[in-house]
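Asks: Here is a sequence together with a model predicted from it:
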Amino acid sequence: MKFSACMGAVILIICLSVVSRADQPLTLNNAITDVPGIQIGHYTDMDALTGTTVILVKEGAVAGVDIRGAAPGTRETDLLNPTNLVDEVNAIVLSGGSAYGLASADGVMKYLQAQKIGYPVGGGNVVPIVPAAVLFDLGRCGTDFKVWPDAGFGYNACLNAKDGLIAQGNVGAGTGAQSGGLKGGIGTASTDLGDGVIVGAIVAVNAVGSTVNPETGEFYAGFLERDNEFGELKPPNLDALVKSRQLMDKGDDAPIGNTTIAVVATNVSLTKAQAQKIAQMAHDGMARAIRPSHTMFDGDTIFAVSTKKISLDKLQNLKNVPVSINKIGSTAADTLSRAIVHGMLAAESVDGCMKNYCDTYPDACSNRRK
């Protein structure tokens, strides 16, 4: 059975500090869609355990990218270099399917072109600017290796795009994801910096490394939780820890199928160079939440986008622009870390193939609020 689900998740991040702020209330949806101008759409194929997530910015957004993994699969990333011509993107695609899945961006271009959204090239014609990154989920759990996201996935993800609450877990690019022997998935989070400044992140967690400390069974990034957003997790018992170590060890047997891809976003006006710097800083959030990160078998890629809704000088009590960029970049990193935890908690087990966090550590989740 093939079906679609709305509100995709890519990786979009911004965070305030590396200190947990459990006393601070969460943003409206605790999602990247809290950033004005962002819409998310998913298209999911549960039979093939793969899918596509699109981040739509129909009014255009300045974007940067930073790639730290050694096995990336990407499209249009060179265009985001600050020295190159085009200043804005119209969408970003996160998809399964490895390099084959880059074809999903064709469907996003078709959707945008029909609405005359894109870079003007004369005669009333446009070329939509749609960078993309993919993860490896081909053949997972015995599925057909030759079924992967195509243009139809991207087009239908656009049809499903909306703001507000975002579906997480086994949807879109996170459908067949796994991380460190546990089921991975799509996750999102956001942070309110005050003065109208919002930072958000969306991520598809599919890493060689683990999000969980095998000695304690707790999330590496759990200390960044805000307002009990992870649902009052408890430390796992000893039996669960022994079993989980065995499960994670199995993940080392087949290290090829990996890569974590994300988008971080803010409504603050940025240049391409500033967006690129924020994408670089956001990788700290990935490294805090997943160990190891940026391996030879991961293509870890983070896009950073600015929807240009408010001026950078709206960040109060800051002496200069570089200080403001530091604040947004560090917030993006922490927000991404939190989104990674949400992606792992929202993921659902796949029978006989991949167990999620709560099925692996039932004691830890016994008090968890859904």
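Replies: That came through fine. Numbering: from 1, shown residues only.
Asks: going forward, measure contacts and count neighbours with C-alpha atoms only.
Replies: Will do.
Asks: I believe residue 66 is in a strand; please confirm or correct that.
Replies: Yes: remark: residue 66 belongs to a strand, assigned using DSSP: H, G, I helix; E, B strand; the rest coil.
Asks: Residue 346 and residue 204, how far apart?
Replies: 12 Å (C-alpha to C-alpha, to the nearest Å).
Asks: most centrally placed residue in the chain?
Replies: The chain has residue 203 as the residue nearest its centroid, 1.3 Å off, counting by C-alpha atoms, centre = their mean.
Asks: Name the helix or strand for it, please.
Replies: According to DSSP states H and E, residue 203 maps onto strand 197-204.
Asks: Return the set of buried residues in that strand.
Replies: Neighbour-count burial for strand 197-204 flags 197, 198, 199, 200, 201, 202, 203, 204 (criterion: 16 or more other C-alpha atoms under 10 Å).
Asks: Using TSV, lay out those residues together with distance to residue 332.
Replies: Formatted as TSV, the buried residues of strand 197-204 follow (distance: C-alpha to C-alpha, whole Å):
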residue	distance to residue 332
197	12
198	10
199	6
200	7
201	7
202	11
203	12
204	16
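Asks: one step back: determine the set of other helices and strands touching the strand holding residue 203.
Replies: On a contact count with 3 or more C-alpha pairs under 8 Å, 6 or more residues apart in numbering; DSSP states H and E, strand 197-204 meets strand 186-194, strand 261-268, helix 321-346.
Asks: how about those, which one is nearest residue 31?
Replies: strand 186-194 (4.3 Å; C-alpha to C-alpha).
Asks: in that closest one, what's buried?
Replies: So for strand 186-194, counting by 16+ other C-alpha under 10 Å, buried means 186, 187, 188, 189, 190, 191, 192, 193.
Asks: quick one: least confident of these?
Replies: Least confident of these in the model: residue 193, at 91.
Asks: count of neighbours near the nearest residue to residue 165 once chain neighbours are set aside?
Replies: Spatial nearest neighbour of residue 165, chain neighbours left out: residue 29 (5.6 Å); criterion: C-alpha to C-alpha, 6 or more residues apart in numbering. Neighbour count of residue 29, defined by other C-alpha atoms under 10 Å: 15.
Asks: Let me know the distance separating residue 29 from residue 269.
Replies: From residue 29 to residue 269 the distance is 22 Å (C-alpha to C-alpha).
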